[in-house]
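J.: Dropping the sequence and predicted coords here.
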Amino acid sequence: MRFILLLFVGLQISCNSSQKTVETNTVAQSTVDPVTYAKTITEEDLKEHLYIYASDEFEGRETGQPGQKKAVEYLRSYYESLGIPAAKANGDYFQKVPLEIAQVPEGIVSFNGSTFELGDDILSFSEAKGNFNELVYVGYGIEEGSYSDYSNVDVTGKLVLIKAGEPVNGDGNYTLSGTKEKSLWSNMSEGVGKKSGLAMEKGAKAVLYYDTTNYPRFKGYFDFMKGNKSGKMSLKDQSDTQALLLLNKRSVKTLKPDIESDHTPGAFAATIQLGIESSNGQVDSENVAAVIKGTEKPDEYLIISSHLDHIGVTADGQINNGADDDGSGSVALLEMAEAFKKASDAGEGPKRSIVFLHVTGEEKGLLGSRYYTDVDPIFPLEQTVANLNIDMIGRIDPKRGGNRNYLYLIGSDKLSTELHNLSEEINEKYTQIEFDYKYNDENDPNRFYYRSDHYNFAKNNIPIIFYFNGTHADYHRPGDTPDKINYDLLENRTRLVFYTAWEVANRDKRVAVDKSAK
């Protein structure tokens, strides 16, 4: 590591004005030994970086706030000190990500003459306006295989009412699975998005969603956002144009008293007035991207990513430092970049180009990575061979037990069997970490596969690996500080990603995609 403390001084001045499925030998025999360069990734250097990056000076790195600006300047300055150029052709390390934030909406709603103020019996996180004299009830709002709640109804331009859950047969089994096992349509985290998304794909103007189990959770979000005077952040010009309102039992009974017992879709007359208003504010934020060009295949790209920001300061002034989330991933990228640069300077650089991508807005809905993949890819997605994404690799999951030298791997086999096998072989050869695939399960209720930045690459059919140590008591709390990081584990885990990146970048052929994105 070079010039870390010097960079920080300069920054202050500028900013203050277990599964094994190895079937074939996929690891190439390289004439270059990566161990020499991996050894430059050390506990001491990672610690030095992180005590700066996750310090109080960076104020929790809230998206678009002064602390986040200090973070991106730190990243840029370090890449400049290493002599690693910006990924953008114009030499700018910053990829501006236009964001806007909807202020917590206010207003009232009237159902058949009963008036409700937003925030008590009805919730919405976006504007919802209009008068309706008809409501289309679609029961559970599910369409899968031969089952559809939309078979006999047209929801185009209509207001739609949906309830949580899924149908059950007379034998007590769930209709979709034929067993006692619920589907994703009932998942607490995913169900509301799947159902409302389907309704809006079918042309619904707005969705009323009844869910007694989830309602308290959403009300907690609403009250927190209102108390902190914050709102939902989105990519500018891509904010939701269709409204979603969540109802509790008191409000839904004024519309359909028998909603819990009636499962038959159909339209009926109702007098509904939506008077919820909100305004949008602009947020200035950016991704940071640097690149080491490949020696033989410079137009093929491996992207190593982490998210650069965190959740900022609490209402009572406590700083959420985000040392693990995702300071650990951010500093891991810096150390890997230095290792690859030393290899390049020695004439042993990677055959493919390696992009070091620090994205913004992960905590707000994977916004920075979505902007990169869906709006403005710096490098063509069709030429992107893989994404290795790091989000929290410095701590231990207290619920797990067993070997502390472990790591959760997610998504390695979702698109490429070859990438998964390569990952296993690299680990066995160099780092001997116990891989835990618990959260790789399709039925994982946490849905971690969909909750970090790799997902925006995976949905574009780009093979990914997500490296994750699991959550802990300090997750999204002020206690996530650099003194609690296990730096020996952070070193070994970072070296694992480095070795994996080395192999992906230097093999003769790009890793094969043999499965479809979900």
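T.: Arrived safely, thanks for sending. Residues are numbered from 1 along each chain as shown.

J.: Lys297 contacts Lys351, correct?
T.: Yes - applying CB atoms under 8 Å, one finds Lys297 in contact with Lys351, separated by 5.3 Å. Yep, even glycine has a C-beta here, placed from its N, CA and C like the rest.

J.: Show me which of those two is the more surrounded one.
T.: Between Lys297 and Lys351, Lys297 has the larger neighbour count (other CB atoms under 10 Å), namely 19 against 15.

J.: Where does pLDDT dip in the chain?
T.: Low-confidence segments of the chain (pLDDT under 70): 1-31, 229-230, 238-241, 518.

J.: Find the centremost residue of it, please.
T.: For the chain, the residue sitting closest to the mean C-alpha position, by CA atoms, centre = their mean, is Ser452 at 2.5 Å.

J.: which secondary structure element contains that one?
T.: Under the assignment given by DSSP states H and E, Ser452 is not contained in any helix or strand.

J.: excluding its backbone neighbours, what's nearest it?
T.: Of all residues not flanking Ser452 in the chain, Asp391 sits nearest, at 4.4 Å (CB to CB, 6 or more residues apart in numbering).

J.: What is the neighbour count of that neighbour?
T.: For Asp391, the count of nearby residues is 24 (other CB under 10 Å).

J.: Next: Glu428.
T.: 14.

J.: same thing with Ile311?
T.: Applying other CB under 10 Å, we find 18 other residues in the vicinity of Ile311.

J.: quick one: contacts for the residue nearest to it when sequence neighbours are not counted?
T.: Counting by CB to CB, 6+ apart, Ile311 lies nearest to Asn320, which is 4.9 Å off, once chain neighbours are set aside. Contact analysis of Asn320 by CB atoms under 8 Å, 6 or more residues apart in numbering lists 60, 310-314, 476-478, 480.

J.: 10 Å - rerun?
T.: 54, 59-62, 310-314, 363, 474, 476-481 (CB atoms under 10 Å, 6 or more residues apart in numbering).

J.: And the nearest residue to Lys351 once chain neighbours are set aside, how close does it get to Ser353?
T.: Distance criterion CB to CB, 6+ apart; nearest residue to Lys351, sequence neighbours excluded, is Glu296 at 4.2 Å. Relative to Ser353, Glu296 is positioned 10 Å away (CB to CB, to the nearest Å).

J.: now do Tyr140
T.: 47 Å.

J.: ok, now which ones touch the residue nearest to the centre of the chain?
T.: Residues near Ser452 by CB under 10 Å, 6+ apart: 305-307, 326, 329, 359, 362, 366, 369, 389-392, 410-411, 464, 466-468.

J.: distance from the centroid: which residue in this protein tops it?
T.: The chain, CA atoms, centre = their mean, max distance from centroid: Gly113 (41.3 Å).

J.: Make sure it is actually in contact with Leu255.
T.: No - if you go by CB atoms under 10 Å, Gly113 and Leu255 don't touch, sitting 11.3 Å apart.

J.: shared neighbours of these two, which are they?
T.: Counting by CB under 10 Å, 6+ apart, the residues touching both Gly113 and Leu255 are Thr271.

J.: count of neighbours near the closest residue to Gln65 other than its chain neighbours?
T.: Counting by CB to CB, 6+ apart, Gln65 lies nearest to Gly312, which is 5.9 Å off, once chain neighbours are set aside. Gly312 has 22 neighbours, counted by other CB under 10 Å.

J.: quick one, helices of the stretch 351-500 of the chain?
T.: Secondary structure of the stretch 351-500 of the chain (DSSP state H, counting those that start in this stretch): helices at 367-370, 417-430, 454-458, 487-506.

J.: With distance to Pro398 added, can I get those in TSV?
T.: Formatted as TSV, the helices of the stretch 351-500 of the chain follow (distance: least, CB to CB, whole Å):
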stretch	distance to Pro398
helix 367-370	29
helix 417-430	23
helix 454-458	25
helix 487-506	14
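
J.: Go through the ones you listed and name the closest to Ser177.
T.: helix 454-458 (24.5 Å; CB to CB).

J.: What helices and strands are in contact with that closest one?
T.: The contact analysis (3 or more CB pairs under 10 Å, 6 or more residues apart in numbering; DSSP states H and E) places helix 454-458 against strand 297-307, helix 367-370, strand 384-390, strand 464-468.

J.: Which one, of those, ends up nearest to Lys232?
T.: Lys232 lies closest, by CB to CB, to one member of these: helix 367-370, at 10.8 Å.
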